[in-house]
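**Q** Sequence first, then the predicted structure:
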Amino acid sequence: MKLKTALLGAAVAFAFASTGQAADLKLPFGHVGKPGSLFEASVNAFAECSNKALGDKAEVQTFGSSQLGKDKELLQKLKLGQITFSLPSSVMSSVADEFGVFEMPYIIKDREHMKRVQAELGDTFQKAANSKGYRILGYFENGFRHITNNTRPINKPEDLAGIKLRTPKGAWRVKMFKLYGANPTPMAFSEVFTALQTAVIDGQENPYAQIASAKFQEVQKYLSITGHVYTPAYILVSEKNFAKLPEDVRGSLEKCAVDTQAFVYDHAAKLETELLDVIKAAGVAVNNADNAAFIAASKPIYDEFASSVQGGAELITKVQGLAK
């Protein structure tokens, strides 16, 4: 009888220990977004959805403002299992060639176009991520990018001549701005404000949500509305490490990654109007660039992608064919 009681007690203790371990399962989500950014709002919405669904099984914890590292460091930490999620955007073009198609100027027309690309070509991008050890759980966005600088308004590509412009660390963005005549300077997002403030660089290019949340309007004179690139953002995990999570936890996370996209797109559209007003209110001079001139100047970058990336020409054709 004593043995039976002892065994029962051990079983109960093990059950409580297992429950405690499940409740203690922390899932860190690192990203580079500043307070008030679209990234922060998107990640927080995903975390809220996930934590409601997970209950005491696990907890998604969010860390913005590059607290856990810059984009490339976060990609490495995913592989090492030090974080569970990151939200890369432009940097994915340096992970796998296929993501470079989103670096082609003006290739994505609007969010409805992006939804069709995701629906029709999602397997292509998932396979590209898998080949590098990652998995895409869902698509958020960084948004339509515009140029700010302290030298002059940018109306046509030639106005960029000699301007030292910060870009993300992606080869195609650098090539694009070299083609336009600028002096592109890859730099981590967390370093940009100080570089602008101290005139290490003249300008940068980002969506309004990143410009305003990082307060670039405080250290920039001109905003030129170019919309030259639409950059998706990807809820990214390590394929190997994600597979180690309990199946029901994975299912809840995958569902929330998909379900949160509608909020992200709606919030992004709202911020485009609100934050442009914030930038203007700071005294930044705003102009609408000649998009046709930029499109005409972009042909060589399309040609290079088509000829240098395996399947690049076909991928461009497929993406463009989904525009309406």
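**A** It's in. Numbers count the residues shown, from 1 in each chain.
**Q** Run a quick neighbour tally on the spatially closest residue to residue 309 that is not a sequence neighbour.
**A** Nearest non-adjacent residue to residue 309, counting by CB to CB, 6 or more residues apart in numbering: residue 97, 4.6 Å away. C-beta: built from backbone N, CA, C; applies to glycine. Other residues lying near residue 97 total 18 when counted by other CB atoms under 10 Å.
**Q** now do the one 5 residues further on
**A** The local packing count at residue 102 equals 23, with neighbours defined by other CB under 10 Å.
**Q** OK, contacts around the residue nearest to residue 309?
**A** 128, 309-310, 312 (CB atoms under 8 Å, 6 or more residues apart in numbering).
**Q** mind running it again at 10 Å?
**A** For residue 97, the contacting residues are 128, 171-172, 305, 308-312, 315, by CB atoms under 10 Å, 6 or more residues apart in numbering.
**Q** same deal with residue 40?
**A** Residue 40 is in contact with 31-34, 62, 64-65, 87, 209, 213, counting by CB under 10 Å, 6+ apart.
**Q** Let's have the residues you listed in TSV, adding distance to residue 189, neighbour count and secondary structure.
**A** Shown next, in TSV, are these (distance: CB to CB, whole Å; neighbours: other CB atoms under 10 Å; DSSP: H, G, I helix; E, B strand; the rest coil):
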residue	distance to residue 189	neighbour count	secondary structure
31	10	29	coil
32	5	28	coil
33	9	25	coil
34	9	20	coil
62	17	20	strand
64	11	20	coil
65	10	18	coil
87	12	24	coil
209	12	27	helix
213	11	24	helix
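**Q** Would you point out the most distant pair within those?
**A** Farthest pair in the contacts of residue 40 (CB to CB) is 62 and 209. Separation: 16.6 Å.
**Q** circling back to that earlier point, what distance do you get for the residue nearest to residue 309 to residue 91?
**A** Distance of residue 97 to residue 91, given as CB to CB, to the nearest Å: 13 Å.
**Q** Equivalent analysis for residue 179, please.
**A** The spacing between residue 179 and residue 91, counted by CB to CB, is 20 Å.
**Q** Between these two, point out the one with more neighbours.
**A** Legend: neighbour count by other CB under 10 Å for residue 179 and residue 91, higher for residue 91 (21 against 18).
**Q** Surely that one and residue 69 touch.
**A** No. Using CB atoms under 10 Å, residue 91 is not in contact with residue 69, being 11.8 Å away.
**Q** between those two, what contacts are shared?
**A** Common neighbours of residue 91 and residue 69 (CB under 10 Å, 6+ apart) are 32, 75, 188.
**Q** Break down the chain into its strands, ranges please.
**A** 26-30, 59-63, 85-86, 134-144, 146-149, 164-167, 183-186, 203-206, 222-225, 230-238, 285-288 (DSSP state E).
**Q** Most tightly packed of those strands?
**A** strand 85-86 (a mean of 28; mean count of other CB atoms under 10 Å).
**Q** distance between it and the chain's centre?
**A** Between the centre of strand 85-86 and the centre of its chain there are 10 Å (CA atoms, centre = their mean, to the nearest Å).
**Q** Need the residues that contact that strand.
**A** 27-32, 43, 46-47, 50, 60-63, 68-69, 71, 73-78, 134, 137, 233-238, 242, 253, 257.
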